[in-house]
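In: Got a predicted structure plus its sequence, pasted below:
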Amino acid sequence: MNSIEDLKAPTITPASDRSIMIRFSTEISEYVHEQVSYFHNILSKKYKKKISNISPAYNSILIRLEDGVSLWRMIAKLKQLFNEEHNITIQEKKTIKIPVCYESEFAPDIDRVSSHTRMSIEEIIHKHTKGKYLIYFLGFSPGFPYIGGMDLKLETPRLSSPRISVPAGSVAIGGKQTGIYPIQSPGGWNIIGRTPLLLFDWNKLRNPVLPMGGRIEFYPITEKEYQDNQGSLF
Amino acid sequence: MNITVVKPGFHDLVQDLGRFGYSHMGISPTGAADKASMKIANIILGNNLNDAVLEITLFGGTYTFDRSTTICLAGSKFPASIKGNDIPFKKPIKILEGDTLTIGGSTSGARCYLAIINGFNVAELLGSSSTHLMSATGGFRGRNLQKNDRLPYNKPEERLFAIDHKFPIDLDRTVIRATPGLQFDIFDTVQQELFFSKEFTVSHQSNRMGIRINGPKILRKNPEEMVTEGLPLGAVQVTGDGESIITFIDHQTTGGYPKIANVIAVDMHKVGQLRQGDCFTFELITMDKAENLHLEMEKIFKQ
């Protein structure tokens, strides 16, 4: 376990008359992620009755207040909290290995990625499965992980118009990011494969398959392996 | 005890005040689009504020009740009748076994609410009866009501209804008040003034996730990509094309567009009543004033 020193006090501003934005940095890094993660835990325990919803992101936390809670009084409390001394410890990370079938049937946009990056499909799969990814936070739609750590050689612009429906389990590249769609949803990223496993379960929210702070590795599987494991629990 | 849907409305959804405490899992709060009207309907019946109601959008349908109970309608005015007799809004309405309620098309805003004694009875998901359409979860089978659906409601008890409620709620949808958004300062004064002076029109591409509004294009000179961050309800996001979208009740929990303004909490019920073609302007007010208005509104619902 390591610890983080030299914590700079974050900036705290009203985001609306019922919500507060806490910004730790303008950068995206694992170092900043540890701060976000630490304070997300503290805030959600300490202010359970005052906060109705909390959204950690790459380098910020948005909190939404319960009706009737005073915005300015809450901001004063937060400033006080961040002035206290904090010993942020870095927790061991759980690694989740995700099988992905990169065959064309599940990868409608892999040719697009190939022509944009000037890499063969084999190279794309190699680079994509070589990465060690960190789940910075969950957002956008139920269980959707924002993942960092993609090889920037794979960077490919988003589709000019999003698909109305992307199948659950789709693995995709959007700009500098890679991601997985845990449930069927709209989406504008380039789909390069699909996992047969169920990645989101409404009944297991306390112990999600893809938790904030988890590490992800992808490994390739054949179409046959995909079919054999389709719909399996993780 | 069930309501049988003889003919569904345009978009009938079971909703309550929302699903809170899970936005860090990417789960949208959802809930009634016009919470003020939903609360009024529940208060008049002596229900809990959070009891599940039916949200009816643009036009309603025909619904038969198989047991006697009492209902209340609130929100935008929709013609409603039982056995050919018009029924008033914001009044308890006695329903007899076998009665059929017919609700027509709205004559004002987008939505009305049908509350029933002790609420509709659907399985709760994460402590809420609200329907979230994108994930097809919650409410009645995660979707809007269809023909022949049987929507269960809870057993009523005898109640005496208070008749002296006053709800000084502003329903005017031509002015919507907003505070500066999180990225207000990245827009220059010309863009800010355009936004807060020109008229916007509600686009047909609106839904419970976002209300798209057509108006002045708010184009930045050096649009740089923003780091994705938490999205507050009512945030007005400006896309790369300069289009404005009001973040609405089924919104994504995080987003990457800059936010020029944020509709104040006490005006969110007006957003819930906006319909295609409605024209309005934004009025800029201070955070302090917005907060005081919120605290005053809270008192109205504590009666």
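Out: Cool, got the structure.

In: For chain A, what's its nearest residue on chain B.
Out: Chain B approaches chain A most closely through B:G230 (2.6 Å), counting by C-beta to the nearest C-beta. For glycine as for every other residue, the C-beta is placed from the backbone atoms N, C-alpha and C.

In: Dihedrals phi and psi, the residue most central in space within chain B?
Out: Taking C-alpha atoms, centre = their mean, the centroid of chain B lies closest to B:A33, which sits 0.9 Å from it. Backbone torsions for B:A33, taken as degrees, to the nearest 10, come to phi -70, psi -40.

In: wait, doesn't it sit right on B:S206?
Out: No. Applying C-beta atoms under 8 Å, one finds B:A33 not in contact with B:S206, separated by 11.0 Å.

In: Show the average pLDDT along stretch A:203-222.
Out: Per-residue pLDDT over stretch A:203-222 has a mean of 92.

In: for that stretch, which positions count as buried?
Out: Residues A:P208, A:V209, A:L210, A:P211, A:M212, A:G213, A:G214, A:I216, A:F218, A:P220, A:I221 are the ones in stretch A:203-222 that count as buried (16 or more other C-beta atoms under 10 Å in any protein chain shown).

In: Check stretch B:141-148 too.
Out: The neighbour-count check on stretch B:141-148 (16+ other C-beta under 10 Å) flags B:R141, B:R143, B:N144, B:L145 as buried.

In: now do stretch A:20-31
Out: For stretch A:20-31, the neighbour count (16+ other C-beta under 10 Å) marks A:I20, A:M21, A:I22, A:R23, A:F24, A:S25, A:I28 as buried.

In: okay, those in a markdown table with secondary structure and pLDDT next?
Out: Shown next, in a markdown table, are these (DSSP: H, G, I helix; E, B strand; the rest coil; pLDDT from 0 to 100):
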| residue | secondary structure | pLDDT |
| --- | --- | --- |
| A:I20 | strand | 98 |
| A:M21 | strand | 98 |
| A:I22 | strand | 98 |
| A:R23 | strand | 97 |
| A:F24 | coil | 96 |
| A:S25 | coil | 94 |
| A:I28 | coil | 91 |
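
In: okay, these in a markdown table with distance to B:V271 next?
Out: A markdown table is the format used below for those (distance: C-beta to C-beta, whole Å):
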| residue | distance to B:V271 |
| --- | --- |
| A:I20 | 21 |
| A:M21 | 21 |
| A:I22 | 26 |
| A:R23 | 27 |
| A:F24 | 31 |
| A:S25 | 33 |
| A:I28 | 32 |
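
In: Filtering those by proximity to chain B, which remain?
Out: When those are checked against chain B using C-beta under 8 Å from any C-beta of the partner chain, the ones in range are A:M21, A:I28.

In: Could you single out the nearest of the buried residues of stretch A:20-31 to B:P79?
Out: A:I20 (43.3 Å; C-beta to C-beta).

In: for the closest residue to the closest one other than its chain neighbours, phi and psi?
Out: Distances taken as C-beta to C-beta, 6 or more residues apart in numbering or on different chains put A:I63 closest to A:I20, at 5.1 Å, once the chain neighbours are dropped. The phi/psi pair for A:I63 (degrees, to the nearest 10) reads phi -120, psi 140.

In: Looks like A:I63 contacts A:I22 (just checking).
Out: Yes. A:I63 lies in contact with A:I22 (C-beta under 8 Å); the separation is 7.2 Å.

In: How about the contacts made by the residue in chain A that chain B sits nearest to?
Out: With C-beta to the nearest C-beta, the shortest gap between chain A and chain B falls at A:L62, namely 2.6 Å. Shown in contact with A:L62 (C-beta atoms under 8 Å, 6 or more residues apart in numbering or on different chains): A:A15, A:S19, A:I20, A:M21, A:I22, A:I54, A:S55, B:E229, B:G230, B:L231, B:P232.

In: dump the residue contacts of the residue nearest to the centre of chain B.
Out: Counting by C-beta under 8 Å, 6+ apart, B:A33 touches B:Q15, B:E55, B:T57, B:A110, B:R111, B:R208, B:F248, B:I249, B:V271, B:G272, B:Q273.

In: any idea of the pLDDT on the nearest residue to B:F301 once chain neighbours are set aside?
Out: Ranked by C-beta to C-beta, 6+ apart and with sequence neighbours excluded, the top spatial neighbour of B:F301 is B:K39, at 5.2 Å. Looking at B:K39, its pLDDT reads 96.

In: How many residues are close by B:S135?
Out: Residues within reach of B:S135, counting by other C-beta atoms under 10 Å in any protein chain shown, total 22.

In: Okay, B:D12 and B:A178: tell me how far apart.
Out: Applying C-beta to C-beta, to the nearest Å, the value for B:D12 to B:A178 is 30 Å.

In: All set, thanks.
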